[in-house]
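> just the structure for this:
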Amino acid sequence: MSDTDRTGTPASPAPRHDTPGQKQQFDLGTGPGRVLVWFYGVFTVAAASRSIVEMILDFGKAPLAYVLSAVAAVVYGFITYSLVRGGEKARRAALMCCAAELVGVLIVGTWTRLEPSAFPDSTVWSGFGMGYLFIPVILPVTGMIWLRRARNA
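Next comes the predicted model:
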């Protein structure tokens, strides 16, 4: 039994994307967005794996660093999900997460430079992502550019 059979109302026709005046929905995970999805997916796995192993093996050594790596993994995962999901709400959520990620990278990167003793072990965002070829500081900027472009598409 379909939904239309239960409610007694006919199904509405699928929206047409070629209707004049109607804005076509932009897919965030296509074109250059696909590269962002790939990078964020890889960084989700890398940061999550790193933080899990470090927390299991030696949490007492540098709990702040390991928790920050776990937070980075969650942020990366949410951005990946939002890019794959697409739509305006997901775009706005991903844009906010990219901005929060950039702030986190800048704060942790500066903190690790000014007070290295606060981090006995590095995080994903230590030294502005130096251990990851500075991709953690480049990725949110690239993501925000893509997401702002997607709004205008």
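
> what bits of the chain have low per-residue confidence?
Residue ranges of the chain with pLDDT under 70: 1-26, 29, 152-153.

> any idea how far the spatially most central residue of it is from Phe39?
By Cα atoms, centre = their mean, the mean C-alpha position of the chain lies nearest to Ile79, the distance being 2.3 Å. Distance of Ile79 to Phe39, given as Cβ to Cβ, to the nearest Å: 10 Å. Every C-beta, even on glycine, is put in place using the N, C-alpha and C of the backbone.

> again with Ala150
Applying Cβ to Cβ to Ala150 and Phe39 gives a distance of 16 Å.

> same check, this time on Gly86
For Gly86, the distance to Phe39 - Cβ to Cβ - is 17 Å.

> circling back to that earlier point, so for the helix or strand containing the residue nearest to the centre of the chain, what gets flagged as buried?
Assessed by DSSP states H and E, Ile79 sits inside helix 63-85. Using 16 or more other Cβ atoms under 10 Å as the test for burial, helix 63-85 gives 65-66, 68-73, 75-84.

> helix or strand right after it?
Past helix 63-85, the next helix or strand by DSSP H and E is helix 88-114.

> and that next one, what does it pack onto?
On a contact count with 3 or more Cβ pairs under 8 Å, 6 or more residues apart in numbering; DSSP states H and E, helix 88-114 meets helix 63-85, helix 135-152.
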